[in-house]
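*Asks:* Structure for this input, please:
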Amino acid sequence: MSYTRKLALRNYIVEIFLLTASLIIIVPLLMMIFGSFMTSSEVLRFKLALPDKWMFTNYTQVFKEGGLGRAFLNGLLITGVSSIVNIITSSAAAFILVRRESKLSSFLYMFFFMGLIAPMSIITTIRVVQWLGFYGSITSVIFIYAALNVAFSVFLYSGFIKSIPRALDEVAFLEGASMLAVFFRIITPLIVPVNATVAIMVFMSVWNDITIPLYFLTDSSDWTMPLSVYNFYGKYSRDWNLIFADLVMTSLPVLVLYLFAQKYIVSGLTAGAVKG
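*Replies:* Numbering: from 1, shown residues only. Predicted coordinates for the structure are as follows:
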């Protein structure tokens, strides 16, 4: 067998394996989508089949009784502000760490890098937030999410900013620009691809998380959509059709965002990793 045929055969085997692996993911997803349109008795069969009658009223009932409107706004507020805070602080920190080559900068960079490995301590964080005086508020959740994603964001920004010539900074300093002016007028416009990547990555990680809101939001009216699924399941644990409808509505914003923004994720990750 020639090398070309061996290569073609290997590619076919890889494609078959990937298709099989994708079916493992797609089948439960389709069962959830189809089940969200079934009756409470029909969905208990848990089979991959179209519903006998499409119950669109399941979504109306879930939206009203599950309080998804308020949960959606809460999630949008938390993810949006967390992303903005993370982008501003991480990009500024990376700019200083990259431009000031010193032992302290190297130590701080490694300190940020350790954040990719070190797990979060819930009890300690709760005590710190209580000491600061905003435990149980949405503000606490926003700052925690922004801090949790700082390590990864600084890593991406540092790799990209290293590729920006220092000559641009020096020319601006000669013209009398301050450090803040250089960062906002020169660096910020050049890191737009990484900004998009960081915003999308932070949005998806924050939106899907239930641990932080569960521990730090004491009022259920402040809960996000993923956490509302947890609350809704407690009330309708036997109505899997309603639970599936709740899951579909909760995952839909992230799915839509990923489908339209996946090219920015790839380009931003490439820019932050390869150029560094």
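*Asks:* Am I right that residue 240 is in contact with residue 45?
*Replies:* No: look at residue 240 against residue 45 with CB atoms under 8 Å: they stay out of range, at 10.2 Å. Heads up, the C-betas are built off the backbone N, CA and C, glycines and all.
*Asks:* Overlap in contacts, those two.
*Replies:* Counting by CB atoms under 8 Å, 6 or more residues apart in numbering, residue 240 and residue 45 have no shared contacts at all.
*Asks:* more neighbours, those two?
*Replies:* For residue 240 versus residue 45, the count of surrounding residues by other CB atoms under 10 Å is larger for residue 240: 20 against 10.
*Asks:* Mind listing what's buried along the helix or strand hosting residue 131?
*Replies:* Using DSSP states H and E, residue 131 maps to helix 122-132. Neighbour-count burial for helix 122-132 flags 125, 129 (criterion: 16 or more other CB atoms under 10 Å).
*Asks:* Equivalent analysis for stretch 136-148, please.
*Replies:* For stretch 136-148, a neighbour-count test (16+ other CB under 10 Å) marks 137-138, 140-148 as buried.
*Asks:* Residue 180: which of these is nearest?
*Replies:* Closest approach between the buried residues of stretch 136-148 and residue 180, by CB to CB: residue 146, at 20.2 Å.
*Asks:* Dump the C-alpha coordinates for stretch 229-236 into CSV.
*Replies:* Coordinates of each C-alpha in stretch 229-236 appear next as CSV, following Å, rounded to 0.1, in the frame of the first residue of the first chain:
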residue,chain,number,x,y,z
VAL,A,229,-32.6,25.3,36.8
TYR,A,230,-31.5,24.0,40.2
ASN,A,231,-34.4,25.8,41.9
PHE,A,232,-36.9,24.7,39.2
TYR,A,233,-35.9,21.1,39.5
GLY,A,234,-36.8,21.1,43.1
LYS,A,235,-40.3,22.1,42.3
TYR,A,236,-40.9,20.0,39.2
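*Asks:* centre of the chain versus it, how much separation?
*Replies:* 23 Å (CA atoms, centre = their mean, to the nearest Å).
*Asks:* Now do it, average pLDDT.
*Replies:* Mean pLDDT, stretch 229-236: 76.
*Asks:* Repeat that for stretch 204-217.
*Replies:* pLDDT averaged over stretch 204-217 gives 86.
*Asks:* hey, C-alpha coordinates of that stretch in PDB?
*Replies:* In PDB, the C-alpha atoms belonging to stretch 204-217 read as follows (Å, rounded to 0.1, in the frame of the first residue of the first chain):
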ATOM      1  CA  MET A 204     -19.400  31.700  28.800                       C
ATOM      2  CA  SER A 205     -17.600  30.600  32.000                       C
ATOM      3  CA  VAL A 206     -19.600  33.000  34.200                       C
ATOM      4  CA  TRP A 207     -23.000  32.300  32.500                       C
ATOM      5  CA  ASN A 208     -22.700  28.500  33.000                       C
ATOM      6  CA  ASP A 209     -21.500  28.600  36.600                       C
ATOM      7  CA  ILE A 210     -23.800  27.800  39.600                       C
ATOM      8  CA  THR A 211     -21.200  27.500  42.400                       C
ATOM      9  CA  ILE A 212     -20.500  31.200  43.000                       C
ATOM     10  CA  PRO A 213     -24.200  32.400  43.000                       C
ATOM     11  CA  LEU A 214     -25.200  29.500  45.200                       C
ATOM     12  CA  TYR A 215     -22.700  30.400  47.900                       C
ATOM     13  CA  PHE A 216     -22.700  34.200  47.600                       C
ATOM     14  CA  LEU A 217     -26.300  35.200  46.600                       C
END
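*Asks:* That stretch: which residues count as buried?
*Replies:* Neighbour-count burial for stretch 204-217 [16+ other CB under 10 Å]: 204-207, 209, 212-213, 215-217.
*Asks:* again, but for stretch 186-201
*Replies:* For stretch 186-201, by 16+ other CB under 10 Å, it's 186-188, 191, 193-201.
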